[in-house]
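Asker: Turn this into a structure:
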Amino acid sequence: MNVRVLLRTSALLVAVGLIAVGIFQPIEAEGRWLLFLWAAAPLLGVAAWLTVPPTVPSLARNVGNIGLVILIGFALLSLQLLRQQVLYADTIYHHVAVAADGSTTSNVRPVINSQRILRGRMFDRKGTLLADRTSVQGFAHRTYPIAERYDPAIFGHVLGFFSTRYGQSGLESFYNTYLTGERGNELERLRERLVGGTPQGNDLTLTLNADLQAAASAALGGRVGSVVVLDPRTGAILALVSQPSFDPRGLTFNPAAASWEAENLRVSQYWQQLIADGSQQPLVNRATQGLYPPGSTFKSLTAIAALEYAAEGQPDTITCPNTFLPQPDAPPIVNAVPNLAGLTGDPSDLERVFAYSCNTAFAQYALRLGPERMSEIARRFDILPPQRGTTNYAGFRELPTAQSLLYVEPGFLNMPRALADTGYGQGQLLVTPLHMALLTAAIGNEGVMMQPYLVQRITRPDGGQITSHVPRPIRRTMDTNTARIMVQHMGAVAAYGFGSSVDNFTPAGVTVGGKSGTAEHVPGARPHAWFIALAPLEAPRFAVAVMVESGGEGSSVGAELAGRVLGAAFATE
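Answerer: Okay, here's the model as predicted:
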């Protein structure tokens, strides 16, 4: 190989390498890409120049050189167009540049286009219209007919908001492509682009029961907390309440406003109000994003572990002392109620220590089982050790959902006191109310945990069905017999244990089961009040999890709230 060929090949390879590396630089690094492009230009020129034989006459060579310069210029322009119009077209179309002072600059076309699309409607499971749309002077406006009956803020975290300024959240975000018609109605969108017309999105029918949602919100009152109601048989979410909430109308731009400037100011002021310090974070969906110590509701999982590993757990051979010392150099574990053995009996069994929520008994169960077995049962319910890069729960994607954690620090369960604390619901446990509802539902579904879901079906504007949800099991979490025993034990809580007030609000003859939880979190603060419940016990149709932040005793505050929610579930089904 002669020198000319070697130089030409080297220049060409380096130029191609620079272009290949540069063209995939992020759109924010446009200057870096242009630097790569201009660095490649002279190398391409050298490679092209070296392809011309030295025997070519000088006039022809000069003309050829001019042509090469023009050709390389067109090549560079084509590469830039390829990057902008093909590779990064969608990114550039939606790109928002943020300046040092926090101000933003973006392409107004997608905003204008989004305002012209009649987004799909949303209905509850009974056909009640929750979210609608109207057209005002060629611009779409999201409306909420449910406001005629209930405060739309009750549905804020589920429906989410749609804002041309602040984006989308909730179902508005997850199903955005369906609601705009980009998916599920592609031919109609193509026709609209070709011949004109107002784009229309597809409609969502939710699993939500609007009347139950409103009743659950009313039962929670002005307290900070959440309520989740599932159908254990399918995983359908019948109610999902988080308080405080937000009114989606506050973030919806109204094109019919007399002054668009004033309307934009109104939306901006409401947003600032929502994100202000001391606002109690109303944009956070506590039902799916709130991570809390579960307190004694977690004894349900420890009880399942003792039944699943009966040889090690010995579920019906247990004591309930006032104090229990799992580790010589650590403080003893103490029951919340003194002399509890007078109620549980001594020795006792799993049903009675579960009904009377004996901390020292469940600490013993956890130590008998050991960290591996406790971790295995928790894993079946997707309550996991911390994993790098994993913060969202993969079992439910329709709303942002935090991953529930068995512990935070690696090796935590290897310490006897830590394992014992975890057994009765403290330690480093952090779970979402949705996850406790899933655990409860699995007990009520003979051990099978179903995938939770909010959208039952998606239909076109003409009523044609695009898709319908088919219930899907996540996995079997326990033996069928274990689940049936747990149903009996939850029934004992409502019949004679700490939480019997849960049975005061359901129709006569309906059997109810549950488990209270009083979760310590910050020293000196009132505990979180939890309660999980199932009904009717013979064939559960409702699984409930309620949580009131710093609400007090789960056996009173939590049980009453769960009972009222169950009563509403039967009254509105």
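
Asker: Could you double-check that residue 378 lies in contact with residue 304?
Answerer: No: in this structure residue 378 lies outside contact range of residue 304 using C-beta atoms under 8 Å: 9.8 Å. Every residue, glycine included, has its C-beta placed from N, CA and C.

Asker: Mind picking out the helix or strand in the protein with the poorest mean pLDDT?
Answerer: strand 104-106 (a mean of 58; mean pLDDT, DSSP states H and E).

Asker: State the number of residues packed around residue 552.
Answerer: 14 (other C-beta atoms under 10 Å).

Asker: With residue 339 instead?
Answerer: 9.

Asker: separation between it and residue 351?
Answerer: 19 Å (C-beta to C-beta, to the nearest Å).

Asker: and if you look at residue 22?
Answerer: Distance of residue 22 to residue 351, computed by C-beta to C-beta: 69 Å.

Asker: Then residue 358?
Answerer: 11 Å.

Asker: same thing with residue 460?
Answerer: With C-beta to C-beta as the criterion, residue 460 and residue 351 are 53 Å apart.

Asker: ok, now residue 117?
Answerer: 57 Å.

Asker: Between the two ends of stretch 309-329, how far is it?
Answerer: Length of stretch 309-329, first residue to last, C-alpha to C-alpha, to the nearest Å: 29 Å.

Asker: in it, what's buried?
Answerer: Buried residues in stretch 309-329, counted by 16 or more other C-beta atoms under 10 Å: 309, 313, 315, 318, 319, 320, 321, 324, 325, 326.

Asker: same deal with stretch 26-35?
Answerer: Those would be residue 33, for stretch 26-35 by 16+ other C-beta under 10 Å.

Asker: starting at the chain centroid, how far to it?
Answerer: In terms of C-alpha atoms, centre = their mean, to the nearest Å, the centre of stretch 26-35 is set 34 Å apart from its chain centre.

Asker: Now it: average pLDDT?
Answerer: Stretch 26-35 shows a mean pLDDT of 76.

Asker: what's the answer for stretch 8-22, then?
Answerer: 78.

Asker: Quick check: the farthest pair among the buried residues of stretch 309-329?
Answerer: 309 and 325 (23.6 Å; C-beta to C-beta).

Asker: Give me the neighbour count for the residue nearest to residue 174 when sequence neighbours are not counted.
Answerer: In space, and not counting its chain neighbours, residue 174 is closest to residue 398: 5.1 Å by C-beta to C-beta, 6 or more residues apart in numbering. By other C-beta under 10 Å, the residues close to residue 398 number 18.

Asker: so who does residue 398 touch?
Answerer: By C-beta atoms under 8 Å, 6 or more residues apart in numbering, the contact set of residue 398 is 171, 174, 175, 453, 454, 455.

Asker: swap in residue 116?
Answerer: Per C-beta under 8 Å, 6+ apart, neighbours of residue 116: 138, 139, 140, 198, 199.

Asker: now do residue 454
Answerer: 158, 171, 206, 207, 208, 237, 240, 398, 399.

Asker: Alright, that wraps it up for me.
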